[in-house]
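>>> Coordinates for the following, if possible.
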Amino acid sequence: MTEQAQRLREQVRDRYAAAAKAASAGESASCCSGESCSTESAELAGGLYDEAERSSLPPEAVLASLGCGNPLAVAELRAGETVLDLGSGGGIDVLLSARRVGPAGKVYGLDMTEEMLALALANAAKAGAANVEFRNGQIEAIPLPANSVDVIISNCVINLSVDKPAVFGEMFRVLTPGGRLGISDVVAGDQLTAADRAERGDYVGCIAGALSYTEYRDGLAAAGFTDIEITPTHQIAEGMHSAIVRAVKPAGARQA
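Down below sits the predicted model:
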């Protein structure tokens, strides 16, 4: 890893550690910073979940909702499935997923920030969620066996990775054949260069590291995914949108 990549990863870690501490203290947090995202998009973080969902969770889980969408709205989780949430933060998507897959299912939350993991564990205990497990690790090297999860969700996290091809490869590896992705992320218009994206916001603010639509689609295809769909939902910055990303690991994919 280059020095710049390591520096960016540490900046992301520091930002989310601070967000976890803020949520634990009863303060709302956002993945956005400064001019990186509009006020509207920052307020949407928790508001993208309906009132019934939010009211059923510990307040700290909602306060630590740092995403740009609601992946559960498209993941179509079913009872008994095994789910992995990449960059699980305070645990909001893990806890909601746990209810959908039921006691016969299992939900893993993966995060590299110790403060977020501590917050998520506390939230899971408050919610009485027995079918969840949180792990400390990086989304570029997922600490789970190959072919072990049915669904991968993630909420505004992949744009923060310093090695997105590794993330796509790891997602493909851990999914079972026929498994699927239901991800919310920030995606840039194809006309925007890397410099254009950097002008619209910083890396830790979920902007500068975003892939374009074509880059995202090509990256998933290179990893082996099919049935790739990228659907914008709302604008985050000029020419950049929160988007829902869907893809499938073919049922005939060779076992790793």
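
>>> Which positions within the longest helix belonging to the chain qualify as buried?
Secondary structure of the chain per DSSP state H: the longest helix is helix 3-24. Burial within helix 3-24, assessed by neighbour count using 16 or more other C-beta atoms under 10 Å, is assigned to 8, 9, 12, 13, 15, 16, 19, 20, 21, 23, 24. Where you see a C-beta, it was placed from the backbone N, CA and C, and this is true even at glycine.

>>> Let me have the residues you listed in a markdown table, extended by pLDDT and distance to residue 186.
Putting those into a markdown table (pLDDT from 0 to 100; distance: C-beta to C-beta, whole Å) gives the following:
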| residue | pLDDT | distance to residue 186 |
| --- | --- | --- |
| 8 | 86 | 15 |
| 9 | 87 | 18 |
| 12 | 85 | 14 |
| 13 | 84 | 19 |
| 15 | 83 | 15 |
| 16 | 77 | 16 |
| 19 | 79 | 17 |
| 20 | 76 | 21 |
| 21 | 77 | 24 |
| 23 | 75 | 21 |
| 24 | 73 | 26 |
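
>>> can I get the residues you listed in JSON lines with distance to residue 179?
Below are the buried residues of helix 3-24 laid out as JSON lines (distance: C-beta to C-beta, whole Å):
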{"residue": "8", "distance to residue 179": "29"}
{"residue": "9", "distance to residue 179": "27"}
{"residue": "12", "distance to residue 179": "27"}
{"residue": "13", "distance to residue 179": "28"}
{"residue": "15", "distance to residue 179": "30"}
{"residue": "16", "distance to residue 179": "27"}
{"residue": "19", "distance to residue 179": "30"}
{"residue": "20", "distance to residue 179": "29"}
{"residue": "21", "distance to residue 179": "35"}
{"residue": "23", "distance to residue 179": "31"}
{"residue": "24", "distance to residue 179": "33"}
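
>>> so what secondary structure elements neighbour the longest helix of the chain?
Counting contacts by 3 or more C-beta pairs under 8 Å, 6 or more residues apart in numbering; DSSP states H and E, helix 3-24 packs against helix 59-63, helix 114-127.

>>> so which of these gets nearest residue 209?
helix 114-127 (18.6 Å; C-beta to C-beta).

>>> tell me the contacts of residue 125?
Residue 125 makes contact with no residue, according to C-beta atoms under 8 Å, 6 or more residues apart in numbering.

>>> Compute the inter-axis angle for the longest helix of the chain and helix 114-127.
Here the directions of helix 3-24 and helix 114-127 differ by 30 degrees (axes from the mean of the first three to the mean of the last three C-alpha atoms, to 10 degrees).

>>> Please state the offset of helix 3-24 from the chain centre?
15 Å (C-alpha atoms, centre = their mean, to the nearest Å).

>>> How about stretch 177-190?
Counting by C-alpha atoms, centre = their mean, stretch 177-190 comes out at 10 Å from the chain centroid.

>>> What strands line up against the longest strand along the chain, and which way round?
Looking across the chain with DSSP state E, the single longest strand is strand 175-188. Note on strand 175-188: by DSSP bridges, its sheet partners are strand 149-155 (parallel), strand 211-212 (parallel), strand 240-248 (antiparallel).

>>> Tell me which of these approaches residue 4 most closely.
With C-beta to C-beta as the criterion, residue 4 lies closest to strand 211-212 of the strands paired with strand 175-188, at 17.6 Å.

>>> For the protein, name the helix or strand with the lowest mean pLDDT.
helix 39-47 (a mean of 39; mean pLDDT, DSSP states H and E).

>>> if we can go back for a sec, only C-alpha atoms, please: export the longest strand of the chain in PDB.
Taking Å, rounded to 0.1, in the frame of the first residue of the first chain, the C-alpha atoms of strand 175-188 are listed here in PDB:
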ATOM      1  CA  LEU A 175     -20.800 -14.900  -1.700                       C
ATOM      2  CA  THR A 176     -22.400 -18.200  -2.400                       C
ATOM      3  CA  PRO A 177     -23.000 -19.100  -6.100                       C
ATOM      4  CA  GLY A 178     -26.300 -17.300  -6.800                       C
ATOM      5  CA  GLY A 179     -25.700 -14.800  -4.100                       C
ATOM      6  CA  ARG A 180     -26.300 -11.100  -4.600                       C
ATOM      7  CA  LEU A 181     -25.400  -7.500  -3.800                       C
ATOM      8  CA  GLY A 182     -27.700  -4.800  -2.600                       C
ATOM      9  CA  ILE A 183     -25.500  -1.800  -2.000                       C
ATOM     10  CA  SER A 184     -26.000   2.000  -1.500                       C
ATOM     11  CA  ASP A 185     -23.000   4.100  -2.600                       C
ATOM     12  CA  VAL A 186     -21.900   7.400  -4.100                       C
ATOM     13  CA  VAL A 187     -21.300   7.200  -7.900                       C
ATOM     14  CA  ALA A 188     -20.000   9.900 -10.200                       C
END
